[in-house]
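Quick one, fold the following:
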Amino acid sequence: MTEERQLTVLCLASYEKGQEFMRECKRLGCRVLLVTVEKLRDADWPRESIDETFYMPQDFALEPLTRAVSYLARTREIERIVPLDDFDVETAAALREHLRIPGMGDTTARHFRDKLAMRMKAREHAVLVPEFVHALNHARIREFTERTAAPWVLKPRSEASAVGIKKVNSAEELWPLLEELGDRQSFYLLEQFIPGDIFHVDSVVWEGEVVFSAVSKYGKPPLEVAHGGGVFLTRTVSRRSEDARSLEALNQKLVRALGLPRGVTHTEFIKSGDGRFYFLETASRVGGANIAEVVEAATGVNLWREWARIEVAGAHGKYEVPPHRGDYAGICISLARQEWPDTSRYDDPEIVFRLRKRHHVGLLVASPDPERVEELLNAYVRRFLEDFSATLPASDRATS
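Here you go, the predicted structure:
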């Protein structure tokens, strides 16, 4: 990008995130516009990096937003539209289609937002997925429950993370849940529950190829933490392990199948008892729960910054992954009964980040030795449960 031409990037944010993305856009010489919701007017936005901010009502619909953004485009040449949260992916795609702006359109966005669409596309390309059925035709659902052993998982197609997911133990338990959904049944799918360890791969994608990836493994599955409480934990997997090599190859195959040309991805897989990996879900965004900080602590690569560089480069620019390290990192996070938990007694030199959030506690550690990371995290999980932990009922909607 030359100094004479200032690229205008419009960022959509339903939640407070993406600060480093906007800072990097500004460092690259872009004009940055932020569209967010009214309740986030006083959020911790990087205001020095934002040229203009616009606020929408919390319950805004696509049509009034399309009219509002089109109005802005009368006097501003918007050249990129970027969703900073999972809930903004489809909205951004629809706005790009309407304004004919380069980037991911409606069809490809479905593969990274709609859990049914991404499963069907993955299966078409011989990527293993748990058995599933669209929660639509009752005869097909009945056939699925007779053919596939319980338990199953009833999932909303377009929520994020573990939001709205229900574990179902029998057909007798399932049908009242479907009846309760009423005419919202078609927005759900039913999937076979596969026990196992859950991994995530966080990637940078350029011209349809994964050019950087970090393989990590959760502690308790996110669904279990969301519904049963406890401590969220994730850490980098040893790069020398067979699991890491298998997941890197599988992730590359999936990205090609889903058709993402450029951007970042956060993808989850489960390793079943038979040793095989099954695809669970993906998103064309930076992972939540401070996963970006874990990746940066281990490698030096900041996913938000790289995403900004890729967006600015666009279809006709050039991009190269920066040099990066091969260290290891991990984080544990818990709800806390204290408003501002005191972690001063946690003084290991490997701690590189302390979460600062009301009624939460979190520590991120980094080391060249993956065993040291594992040792520290396991110790912190035990101590968190005694020193801080609190639980809240699982939400049917995302809250951050």
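
So, low pLDDT: which residues of the protein?
Scanning the chain for pLDDT under 70 picks out the ranges 1-5, 160-162, 221-229, 391-400.

got the residue ranges for the helices in it?
19-27, 62-73, 89-99, 106-111, 115-124, 138-147, 171-181, 222-228, 242-258, 291-299, 303-313, 370-387 (DSSP state H).

so can I have a markdown table of those helices showing distance to S49 and mean neighbour count?
For every residue, glycine as well, the C-beta is placed using N, CA and C. Output for these, formatted as a markdown table (distance: least, Cβ to Cβ, whole Å; neighbours: other Cβ atoms under 10 Å):
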| stretch | distance to S49 | mean neighbour count |
| --- | --- | --- |
| helix 19-27 | 4 | 21 |
| helix 62-73 | 18 | 14 |
| helix 89-99 | 19 | 20 |
| helix 106-111 | 26 | 18 |
| helix 115-124 | 32 | 19 |
| helix 138-147 | 49 | 13 |
| helix 171-181 | 42 | 13 |
| helix 222-228 | 31 | 18 |
| helix 242-258 | 29 | 18 |
| helix 291-299 | 17 | 24 |
| helix 303-313 | 10 | 23 |
| helix 370-387 | 32 | 17 |
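
how about those in JSON lines, adding distance to T53?
Below are the helices of the chain laid out as JSON lines (distance: least, Cβ to Cβ, whole Å):
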{"stretch": "helix 19-27", "distance to T53": "10"}
{"stretch": "helix 62-73", "distance to T53": "12"}
{"stretch": "helix 89-99", "distance to T53": "17"}
{"stretch": "helix 106-111", "distance to T53": "24"}
{"stretch": "helix 115-124", "distance to T53": "32"}
{"stretch": "helix 138-147", "distance to T53": "46"}
{"stretch": "helix 171-181", "distance to T53": "37"}
{"stretch": "helix 222-228", "distance to T53": "31"}
{"stretch": "helix 242-258", "distance to T53": "32"}
{"stretch": "helix 291-299", "distance to T53": "23"}
{"stretch": "helix 303-313", "distance to T53": "18"}
{"stretch": "helix 370-387", "distance to T53": "36"}
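
Can you say which of these is nearest to V9?
Each of the helices of the chain has some distance to V9 by Cβ to Cβ; the shortest is helix 19-27, at 5.1 Å.

Just the CA atoms of the closest one, as PDB, please.
C-alpha atoms of helix 19-27 as PDB (Å, rounded to 0.1, in the frame of the first residue of the first chain):
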ATOM      1  CA  GLN A  19      -8.200  -3.800  19.600                       C
ATOM      2  CA  GLU A  20      -4.800  -5.000  18.300                       C
ATOM      3  CA  PHE A  21      -6.400  -5.600  14.800                       C
ATOM      4  CA  MET A  22      -7.400  -1.900  14.700                       C
ATOM      5  CA  ARG A  23      -4.000  -0.700  16.000                       C
ATOM      6  CA  GLU A  24      -2.200  -2.700  13.300                       C
ATOM      7  CA  CYS A  25      -4.500  -1.300  10.600                       C
ATOM      8  CA  LYS A  26      -3.700   2.200  11.800                       C
ATOM      9  CA  ARG A  27       0.100   1.400  11.900                       C
END
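
Next, the angle helix 291-299 makes with that helix.
Angle, helix 19-27 to helix 291-299, by axes from the mean of the first three to the mean of the last three Cα atoms, to 10 degrees: 70 degrees.

relative orientation of helix 19-27 and helix 303-313 in degrees?
For helix 19-27 against helix 303-313, the angle by the same axes, to 10 degrees is 40 degrees.

residues in contact with helix 19-27?
9, 11, 32, 34, 44-46, 48-50, 82, 84, 292, 302, 304-305, 307-309, 311-312 (Cβ atoms under 8 Å, 6 or more residues apart in numbering).

rerun that using 6 Å as the cut-off
V9, V32, P46, S49, W304, R305, W307, A308 (Cβ atoms under 6 Å, 6 or more residues apart in numbering).

cool, and stretch 188-200?
116, 130-135, 148, 151-156, 216-218, 221, 247, 268-272, 278.

buried set for it?
With burial defined by 16 or more other Cβ atoms under 10 Å, the residues of stretch 188-200 counted as buried are Y188, L189, L190, E191, Q192, F193, I194, G196, I198, F199, H200.

Good, wrapping up.
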